[in-house]
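K.L.:
3D, please:
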Amino acid sequence: MADLRVPSRWLMLGVSMLGQVAGTIFVNGAAFLIPYLHLERGLSLAEAGTVAAAPAVGVMVSLIAWGAIVDRIGERASLTAGLTIVTIGALGASLSSSLIALAAWFAVGGIGAASTNSASGRVVIGWFPVERRGTAMGIRQTALPLGVGLAALLVPNVVEAYDLRTTLLLVAAITAAATALCALLIVDPPRPTRAEAATQGHLANPYVRDSRLLRIHLASTLLVVPQMTVWTYMLVWLIDDKGWSTFAAGALVASTQLVGAAARIGAGWWSDRVGSRLRPMRVVAIAAVATMLALGLLSGTPLGIALMIIATAVTVADNGLAFTSVAEIGGPYWAGRAMGVQNTGQYLAGSLVLPLVGALIAARGYGFAFAAIAVFPLLAIPLVPVRGEKVNP
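P.N.:
I've put the predicted structure just below:
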């Protein structure tokens, strides 16, 4: 029987965000183990990056499947099941006796974390009207930088003060709490019956209709490369290249995530005001090119820190815009799968960025690597399908 409760849409946004934050702490927290694995365990940056990429690989291989599951069984069940798997992955990782086992459990947890992407996105699309959806999705997207910020504060400091097992048990406790909240409080948003959706054309495959979804997916995949580079290597850059302490570097990374969160909300608000998700997305892509080039050229100067902070805002501002547009184009019976495909491309790029950029940094230095990354948002600019855009209810 359908759930007939009509909850506060802001409560739904808040709880689904908590689920996303918990999944993000697990997935991105692995990246903040890179200094520990590199400096304490003796792994090269490329090797440590490979281990840290395991949760992203787990997410990547399961996103489309989770999107189909969400379209079929709903948001609450998907969030609860997915976060349970994340908790199991964190507990398994805490008991691992080898780096291979650690990476394997990271991948298992990543598979569960993939559920939060489509499910929480559908909660927002389902409960918020079109004129508020960009802002609401921007707020929901702050779960990613907030999760990264919390991971930056918790993971490197706890592993330095205690050990790896304690760190992973703390993460497991966080994901278990989020699982319980989602199971108790999330209410699936209403959607038309299949018969009603068929009369409105919502059952038809949106990928066959036109190329907009594919172009947005490809542009977003390119735009996530500078984001993942900045998120992953800012901490180790501050410690290894700038000589900062782990605590000071983690604190700065965490604070810059608040700047990134504000950028996502601002971009969503902007899209609601102008009635377009994709025109602002193209502007963000142009800004990302300029920012990464400047960071690469000036990373060794006193301006480097300021440019890195700016980069953490610019490189994440497009995420909510693309995600909202993809869900709106996908419609009530394809949104989960469309969001799954959207995130699959992004996580594929992310899983390749960690080891490859680590190897590039080792060979040519941080400045060269940051500047080289600017080519990816440059390629994204013409792909954003701004012509003929319409925002769907």
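K.L.:
now the element after the helix or strand of the chain with the lowest mean pLDDT, going C-ward?
P.N.:
Here the helix or strand of the chain ranked lowest by mean pLDDT, DSSP states H and E is helix 194-199, holding a mean of 65. Sequence-wise, the next helix or strand downstream of helix 194-199 (DSSP states H and E) is helix 206-209.
K.L.:
chain center to the helix or strand following that next one: distance?
P.N.:
On the C-terminal side of helix 206-209, the closest following helix or strand by DSSP H and E is helix 212-236. Mean-position distance between helix 212-236 and its chain equals 9 Å (Cα atoms, centre = their mean, to the nearest Å).
K.L.:
check which residues of helix 212-236 are buried.
P.N.:
Buried residues in helix 212-236, counted by 16 or more other Cβ atoms under 10 Å: 212-213, 215-236. C-betas here are computed from N, CA, C, even on glycine.
K.L.:
repeat that for stretch 173-187.
P.N.:
For stretch 173-187, a neighbour-count test (16+ other Cβ under 10 Å) marks 174-176, 178-179, 181-182, 186-187 as buried.
K.L.:
from those, pick the one nearest Val6.
P.N.:
Nearest to Val6 out of the buried residues of stretch 173-187 is Val187 (Cβ to Cβ; 7.8 Å).
K.L.:
geometric centre of this structure: which residue is closest?
P.N.:
Leu144 (5.2 Å; Cα atoms, centre = their mean).
K.L.:
mark which of the buried residues of stretch 173-187 are part of helices, please.
P.N.:
Among those, the members found in helices (DSSP state H) are 174-176, 178-179, 181-182.
K.L.:
so the closest residue to Leu360 other than its chain neighbours: helix, strand or coil?
P.N.:
In space, and not counting its chain neighbours, Leu360 is closest to Ala369: 4.5 Å by Cβ to Cβ, 6 or more residues apart in numbering. Three-state call for Ala369 (DSSP: H, G, I helix; E, B strand; the rest coil): helix.
K.L.:
neighbours of Ala369, just the number please.
P.N.:
Number of residues near Ala369 (other Cβ atoms under 10 Å) recorded here: 23.
K.L.:
touching, it and Ala359? I think so.
P.N.:
No - counting by Cβ atoms under 8 Å, Ala369 does not reach Ala359; the two are 9.3 Å apart.
K.L.:
please name the nearest non-neighbouring residue to Ala371.
P.N.:
Using Cβ to Cβ, 6+ apart and skipping the chain neighbours, the partner closest in space to Ala371 is Gly296 (2.4 Å).
K.L.:
contacting residues around the helix or strand harbouring the one you found?
P.N.:
Assigned by DSSP H and E, Gly296 belongs to helix 278-298. Applying Cβ atoms under 8 Å, 6 or more residues apart in numbering, the external contacts of helix 278-298 come out as 216, 219, 223, 226, 267, 270-271, 274, 304, 307-308, 310-311, 314-315, 317-318, 321-322, 325, 367-374, 377-378, 380-381, 384-386, 389.
K.L.:
average pLDDT for it?
P.N.:
For helix 278-298, mean pLDDT rounds to 94.
K.L.:
just the CA coordinates of it, formatted as CSV?
P.N.:
What follows is helix 278-298, C-alpha atoms only, in CSV (Å, rounded to 0.1, in the frame of the first residue of the first chain):
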residue,chain,number,x,y,z
LEU,A,278,22.3,24.6,-18.3
ARG,A,279,23.3,28.2,-19.0
PRO,A,280,24.7,28.6,-15.5
MET,A,281,26.4,25.2,-15.9
ARG,A,282,28.3,26.5,-19.0
VAL,A,283,29.4,29.6,-17.1
VAL,A,284,30.8,27.4,-14.3
ALA,A,285,32.7,25.3,-16.9
ILE,A,286,34.4,28.5,-18.2
ALA,A,287,35.3,29.6,-14.7
ALA,A,288,36.8,26.1,-13.9
VAL,A,289,39.2,26.4,-16.8
ALA,A,290,40.4,29.8,-15.7
THR,A,291,40.7,28.7,-12.0
MET,A,292,42.7,25.5,-12.7
LEU,A,293,45.1,27.3,-15.0
ALA,A,294,45.7,30.0,-12.4
LEU,A,295,46.1,27.4,-9.7
GLY,A,296,48.6,25.5,-11.8
LEU,A,297,50.7,28.6,-12.6
LEU,A,298,50.6,30.1,-9.1
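K.L.:
buried ones in that helix, by neighbour count?
P.N.:
Buried positions in helix 278-298, judged by neighbour count with 16+ other Cβ under 10 Å: 278, 280-285, 287-289, 291-298.
K.L.:
just stretch 268-276 next, same as before
P.N.:
Applying 16+ other Cβ under 10 Å to stretch 268-276 flags 268-272, 276 as buried.
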